[in-house]
Structures are given as structure tokens and as C-alpha cells.
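Novice: structure of the sequence below:
(4 chains)
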There are 2 protein chains.
Amino acid sequence: MTNIQDIAQLAKVSSATVSRVINKNGYVSKETKRIVDQAIKELDYVPNSQAVSLKKGSTKTIGIVSTDFFDTATFLLRSFTLEAQKEGYSVTIFITSHDKQKELDALEMLKSKQLDGIFLLYRTNEWDVIEQYVKYGPIVTLNRVESAVIPSVYIDQYQGYLLGLEHLYQSGCRKIINLYSSELGLNTQTRIAVFKEFTDKYALESHDPTLFINLSGTKDGATAARWFDLQAEKPDAFMCASDSVAAGFVAEAMYLGYVAGKDYSIIGFDNIFLSEMLDITTIDYPVDLQAVNAFHLIYQRLTKKEQPLQSLDFKLIQRGSTKPLIH
Amino acid sequence: MTNIQDIAQLAKVSSATVSRVINKNGYVSKETKRIVDQAIKELDYVPNSQAVSLKKGSTKTIGIVSTDFFDTATFLLRSFTLEAQKEGYSVTIFITSHDKQKELDALEMLKSKQLDGIFLLYRTNEWDVIEQYVKYGPIVTLNRVESAVIPSVYIDQYQGYLLGLEHLYQSGCRKIINLYSSELGLNTQTRIAVFKEFTDKYALESHDPTLFINLSGTKDGATAARWFDLQAEKPDAFMCASDSVAAGFVAEAMYLGYVAGKDYSIIGFDNIFLSEMLDITTIDYPVDLQAVNAFHLIYQRLTKKEQPLQSLDFKLIQRGSTKPLIH
DNA sequence: TTGTAGGCGTTATCAC
DNA sequence: GTGATAACGCCTACAA
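Specialist: Residues are numbered from 1 along each chain as shown, chains lettered A, B, ... in the order given. Here you go, the predicted structure:
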């Protein structure tokens, strides 16, 4: 493979001069620059990035680590990568499949200098073991975490969730069921708390949260729809933890003969294409901005350059799966 | 940062010995191995992978390049990464957004040794410029391409598509409309040809293909459904290029009052969760195996180790969006 | 404005 | 079995 020496030889200069031309630093006369550029073109030369990395101590590569890549994770991956590319960084992905060792492998790459930083979407190891690695490079996470060393782009779903509940109330719903996701997640905890506040405020009927927990995919939504079908005394409305669940519910309910927005109301969460496709009211929040912020946090720590973080707001996207407001 | 010299010093041996211990090659006595391992543990040492890469001339990293990452592309990404991880490779992703330069940037990384190989999902540049890069490392693609140097894991949709058409015919449909995807794609060409054969065989009515071309997302499916609604003389059935299109059609048609499998028949393609969710008959083929094969092709060229490729078969997944067969 | 030379951290080929 | 030592390809003081 052609290297910097070959260029130096052909251009009849030293390798140092060639390096200066390539990196555009240090003095080099117009004429020699021309000759060197010519030689580079002639031999079709491009610097060996392994050598550059070794010398500079950075690979300009950031890892994105998750238990798996579905739904929102793929959107985050996409936005994060696009943002990283703008600054000349590459993104390499790590799927842990809930395997602690695999997550550690990725973390070790930070230590072995293969990665400059890590965006950890959904973790598997305990926080204290993950924190051990921040001394090797910046780690940013999506999870909510109280850590002095690991910043998070987590956004509290409190506001968004309340937005949905209020909308249901204003449109006349009085018996609302929550479809929660992961049992242990802090989001679920938040939702349970918010729902209690909400039912207290309007003196509404509450329900046992444990009956509708760990629902995350479209299949879980379909299961909930079949439950709905069997009830003698049916609830007014469903508040879902994700669009996937809402979509699964709506699709299955449709086959059972129930029309969303008429026979019952339902609200999703995330505003991905599923809710748009099935005309489901949902809560929107900027997933892409979350990813952009994650990159900026890492970039800041890497370069000391400040990059402003965008603030993230929830928005209710009103569609056909809920009734219009009562005035 | 602690390096191999530090270990050598602490263990009172030379760096060469330490290297032997780490790489498990060459002779080293049980006792010294013990001492060295001890020192490594004590200083929490891990080899700098940049230096290893430089020395060995490989980064154990493969790039996956696509215009974007949606739908099937994310499944391919996922399966490919899982397979690569098994052999100790990392995968870094490149989104070109149809920008030729961005695709070239990724290709250049092969040249600059940052990547050992590339899996090119959806290309942007012409094949002859892409072929220039195979001398720097293996490139495998998903597209169908007649190239001596770029192998493809493409599978001819002929069989799968015919499977769908025959099913429609056997269940009584006589006026069938095709919803094609990308105008220039070879898959579309294949489909148009197969459809002609099919209509000739059964002496059925054909239709102008250009009317239903470039349909790829759920929105395009919805548009087609609205067209269907407006027709005085309606077709029996729709054969779609993807589940996304079929799903968009079914969802929109539902809101317009048409029930799939009753008022019309429709078949998707890909068998992703969308078709399962909306109970749409579809054509299944193993996307994951395609990705696995892609990795194996790259791996073979990188290591000279043979890895058997799996054969890929189409399968009709019969669901509620088509009528039962007539006996 | 340009060249020399040392070093980034590792591996591999020699000797011993 | 083990230890010097020369690469791998590049960057960057420091000299000239």
C-alpha cells in the first residue's frame, strides 16, 4: 500500500512536508504544496487511519449500545448517526441481548481506545460497574439515572402523560385504563403516580396497575384488545405506554368489531408511523433531538467545544382514536 | 495510560514475553505466564487496539452502508451485526441519504484501512465507481448486480411473487392490480414480466404498470386505497411490493369502509410485524439469513475460511386479507 | 520554509 | 523459553 514515504519520494520532499500539506498546518510554500498534491493524486494516496489514530489517540468513532434495536431505538440510532457524521464521527453499534458480558465488551473498547465515547440506550449491567468506565471516555445514557458522572438525555414523561390523561377527561372519558410497559422502569413508576394524582383530582375510578403491566409490543396491545372484548362493563379509554401497544390494540379491536374514537378512546405514545397509519391520537416528543443532544454531550466532553442543547417538549397529536373535546 | 512496557517492567520480563502471553502464541513457561497475568490484572491493563490494528493491518470492523435505515434495512442491520459480533467483528453504520459523496466517504474508509469490509445495502453511486474499491477490501451488496467482483445476497423475487399471484387466482380473483416499488429497480422489472406471463397463462386482464409505480411506504399504500375507493368498477385484488404499502392500504381502506379479505384481497411482501398486526397475507423470506450470508461472504474473503451459505426460500403466509382457496 | 528524528503501542523475527 | 530490535505509518518538536 502506498504511504507517506512514497509521496515524499515522488515529490522529492520529506515526509514531514507531506504531512503538513495533508493536515494543513505549519508553513509550506505554494509551489511545494502543488507538487505534493500532484503526487498524492498520482499515487491515489490516502492516509492510513490506523496510524493516524494511534498517533492522535482518538478514532473518531462512537459506540451506540443497546439491548436490541427496534422501534424508537432505531430512530435514535439513525438521528445519532446523522448528527455524528456531520462532525466527522463514525458510529458503531453493539447489541447486548441483555448479556452483561457483551455490554462489558463494548465498554472495554472504550478502554482499549477503539471508541472515543459511548451512547448507552438500554443498559444491562448495574450503574456502578458502568461508572467504572467513564474514566476512559464520555458515556451518555438514555435511561434516567442519578449519576454525577454519566449524563442522561432522559426526559421525564410526566408532562406528556398528563397531557394525554387530561385530553381523555376533557373529551368525556371517565373510566380509563393504563397499559404500562416494563415493570421496573422509572417511566412506569412515574405513570402510576401521575395516574393516581389524576384520579384523585377528578374523583375518578382507579385500577390495579399490576393487571396491565409489561406490555410493550403490538402483540401485547392485541392481547389487551381481547381482554376489552370480554368485559361486560367496558372502560371508556386506554392510555398506552407506546404507539406499538396502541396500534396492536386498535388493529385487533377492529377485527373484533370495535371502532376507535367511537366505541372506545385510545392514546399512544411516541408518534411513530404506526399511530399515523392507524389514525391514533398520540403524544409526540422529539426522539431525534434526544439523540442529537446525546451526541452533543459526548462531543462537548471530547472537544471542550460547547454545543447548545435543545429543550424537549411534549405535544398532543390529536387524531381519530379519541373523541373531540366537550366545551 | 498503562501499556505493555509497564506490564513488562512490573513482571520483570520483556515486552515480547508479555505480548506472547496476551496472544497465546510462542512458548512461555507456566510460571512467567502466571506472573504476567498477575501484573496485567494488577494494573488493569488492556492492549491499545489502535496499535494492534496498525500492526496487524486490520480493524475487525465492517461498515454497513445504506441510503437510510428503515423497515427491512434495520432488520438486516440487526442480523448482520449479531452475526458479525459472533466472530468478534464490530459493525459501523453509514447513512448516505442518497448523497454520492457520503457513500464515497464510506468507501474511502475501506481504502484508509478503517474498515475491513463493506455491506452495501442500497447504493447511490454507479457500479463502476463502486467497483474501484474492491481492491481495498471485500464489498458485498444486497442489490442485484451483474458484477464479477461484487457478490450479492440478492434473491430473485420471481418465485415469491408468483406464489402470491397464484394464490390470488386460486382464491377466485380475476382482476388484479400490482403496486410496484422503485421504478428502476430490477425487482420491479421482474414483477412486471412475471405478471405478464401470469395474465397470459390464465387469459386475464392486465394493466398499465406505470400507473402504480414508486409506491414504497405506508402513505403510498393509503393513497392507493383512496384511488380504489373512487373506482366505479373495482379490482378484485392488490399485489404489493412490501408490507408497508399493504398495511397503509388496509388501514386507509378500513377507514373508508372496506374490509380486506371480503371487499377486496391484498397480499404484502416481507412478512414484517406490520402484516402480522393487520392480518395481511404476505410472502415471507428470511431477511436475517440474507444478512448472515452477507457477513459470511465478507468473512470468507477476509479469512479464507469457508462458511456455508444458507439457501433462501419464499413462503406464502396465508392470513385474513385473502379469501380461502376454491377447490 | 523545510528536514531530521523520536515516538505512539504493539507484534514478529531473530538471536541467544 | 526469553529478550533485543525492527517495523507498522504517521505526526511534531526541534533544528537548520
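Novice: please identify the helix or strand for the residue nearest the centre of chain A.
Specialist: Against the mean C-alpha coordinate of chain A, by Cα atoms, centre = their mean, the closest residue is A:L76 at 3.5 Å. Of the helices and strands defined by DSSP states H and E, A:L76 is found in helix A:71-86.
Novice: just A:D128 next, same as before
Specialist: helix A:127-131.
Novice: and that helix, does that touch chain B?
Specialist: No - applying Cβ under 8 Å from any Cβ of the partner chain, one finds helix A:127-131 separated from chain B by no less than 13.6 Å. To be clear about C-beta, it is placed using only N, CA and C from the backbone, and glycine gets the same treatment.
Novice: on that earlier part again, before we move on, what SS does the nearest residue to the residue nearest to the centre of chain A once chain neighbours are set aside have?
Specialist: Nearest-residue entry for A:L76: A:A291, 4.6 Å, with adjacent residues in sequence omitted and distances by Cβ to Cβ, 6 or more residues apart in numbering or on different chains. Each residue gets one of three states, and A:A291 gets helix by DSSP: H, G, I helix; E, B strand; the rest coil.
Novice: which residues touch A:A291?
Specialist: A:F75, A:L76, A:L77, A:R78, A:S79, A:F80, A:E83, A:F119, A:V153 (Cβ atoms under 8 Å, 6 or more residues apart in numbering or on different chains).
Novice: give me the neighbour count for A:A11.
Specialist: Number of residues near A:A11 (other Cβ atoms under 10 Å in any protein chain shown) recorded here: 23.
Novice: that one reaches A:Q38, doesn't it?
Specialist: Yes - with contacts defined as Cβ atoms under 8 Å, A:A11 counts as touching A:Q38 at a distance of 7.4 Å.
Novice: strands of the stretch 51-200 of chain A, start to end?
Specialist: In the stretch 51-200 of chain A, the segments counted as strands under DSSP state E, counting those that start in this stretch are A:61-66, A:90-95, A:117-120, A:139-141, A:176-179.
Novice: buried residues, the last one. List them.
Specialist: Think strand A:176-179. Of the residues in strand A:176-179, those scored as buried under the neighbour-count criterion (16 or more other Cβ atoms under 10 Å in any protein chain shown) are A:I176, A:I177, A:N178, A:L179.
Novice: which helices and strands sit right next to that strand?
Specialist: helix A:186-202, helix A:218-230, strand A:237-240 (3 or more Cβ pairs under 8 Å, 6 or more residues apart in numbering or on different chains; DSSP states H and E).
Novice: which of these is buried the deepest?
Specialist: Compared across the helices and strands packed on strand A:176-179, strand A:237-240 shows the largest average neighbour count, a mean of 28 (mean count of other Cβ atoms under 10 Å in any protein chain shown).
Novice: quick one: that one near chain B?
Specialist: No - contact of strand A:237-240 with chain B is not found when judged by Cβ under 8 Å from any Cβ; the minimum separation is 14.3 Å.
Novice: sheet partners, orientation included, of that strand?
Specialist: strand A:176-179 (parallel), strand A:265-267 (parallel) (DSSP bridges).
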